[in-house]
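Visitor: My questions are about this predicted structure, shown below with the sequence.
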Amino acid sequence: MAESRQPGIREVALVAIAVVATVLVAAGVTALLPRDGQAVVFHTPLLIVVLLGGTAFVLWRILRHPGPGPGA
């Protein structure tokens, strides 16, 4: 029986670093926006739309690549 490949500490650390970097860049870009641009980010449902889009993308990827299955 072939064992499925699990992510190692290196892969987990790389993803964690990428997520932190993305959040820091987004915070920096938001800080550089004029007040009206910051108002759009903070006072509209923009974050909710981004989170819903990201969740839909992750679910689509999971459903599109389901893995080896129970018989593997």
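Guide: Sure thing, it's come through. Numbers count the residues shown, from 1 in each chain.
Visitor: Only C-alpha atoms from now on, for both contacts and neighbour counts.
Guide: Fine.
Visitor: And the residue nearest the centre of the protein?
Guide: The centre of the chain sits closest to Gly54, judged by CA atoms, centre = their mean, with a distance of 6.0 Å.
Visitor: From Ile62, how far out is that residue?
Guide: 12 Å (CA to CA, to the nearest Å).
Visitor: Now for Gln38, how many residues are close by?
Guide: 15 (other CA atoms under 10 Å).
Visitor: Next, the contact list for the nearest residue to it once chain neighbours are set aside, please.
Guide: Distance criterion CA to CA, 6 or more residues apart in numbering; nearest residue to Gln38, sequence neighbours excluded, is Thr30 at 6.3 Å. If a contact means CA atoms under 8 Å, 6 or more residues apart in numbering, then Thr30 has Gly37, Gln38, Val41 as its contacts.
Visitor: related to what we said a few turns ago, what do Gly54 and Ile62 both touch?
Guide: What both Gly54 and Ile62 touch, as defined by CA under 8 Å, 6+ apart, is an empty set.
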